[in-house]
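**Student:** Sequence and predicted model, in that order:
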Amino acid sequence: MADLADGSNLPSDTYDCGICTQTLLVIYDVKAAIQTIHRILKPGGVAFVGGGFSRLMEPDVLAALVKWANEKRAANPGSFTHMDSRGILARAREAGIAHVRIIDGGEFEWWVEMRR
């Protein structure tokens, strides 16, 4: 376990592959967390960062969560940019990560690939 926003206890250039799921949704400093994930990858390493609401949820639960998220976004559009692939892509680019792309851009379930 580690605080991805701080990451000081995680060694640099260590991991060939990392998977981070359902985490960035609850981290305040998403940009710092993305920088940590990228830093701990070995050169040539890859990380898959994902989150959102699963398509495997019961349809009524998923519909309620999507409705809630849409209402929150509409009320405060700038506050929920970390809840979708476009927001994570933007934070990664702000962090100077060159090799990053959306690999699943679902509305509320998404994956971003980062390479080092």
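**Tutor:** Cool, got the structure. Numbers count the residues shown, from 1 in each chain.
**Student:** Helix, strand or coil: sort out the nearest residue to Leu4 once chain neighbours are set aside for me.
**Tutor:** Once flanking residues are discounted, Leu4 sits nearest to Ala33: 3.8 Å by C-beta to C-beta, 6 or more residues apart in numbering. Heads up, the C-betas are built off the backbone N, CA and C, glycines and all. Under DSSP: H, G, I helix; E, B strand; the rest coil, Ala33 falls in the helix class.
**Student:** surely Ala33 meets Asp6?
**Tutor:** No - Ala33 lies out of contact with Asp6 (C-beta atoms under 8 Å); the separation is 9.1 Å.
**Student:** Let me see the contact set for Ala95.
**Tutor:** Contacts for Ala95 (C-beta atoms under 8 Å, 6 or more residues apart in numbering) come out as 31, 34-35, 38.
**Student:** for Gly18, that is, sorry about that
**Tutor:** Going by C-beta under 8 Å, 6+ apart, the list of residues near Gly18 reads 37, 40-41, 45-48.
**Student:** any idea which element it lies in?
**Tutor:** strand 15-21 (DSSP states H and E).
**Student:** returning to that earlier point: mind putting the contacts of Ala95 into TSV with distance to Ile19?
**Tutor:** Shown next, in TSV, are those (distance: C-beta to C-beta, whole Å):
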residue	distance to Ile19
Lys31	19
Ile34	14
Gln35	17
His38	14
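**Student:** now the helices for the protein?
**Tutor:** Taking DSSP state H, the helices of the chain run over residues 30-40, 59-75, 85-94.
**Student:** Run through the protein and note the low-pLDDT ranges.
**Tutor:** Scanning the chain for pLDDT under 70 picks out 1, 52-55, 77-84, 105-108.
**Student:** what angle separates the lengthiest strand in it from strand 15-21?
**Tutor:** Identified as the longest strand of the chain according to DSSP state E is strand 41-52. Put simply, strand 41-52 runs at 10 degrees to strand 15-21, going by axes from the mean of the first three to the mean of the last three C-alpha atoms, to 10 degrees.
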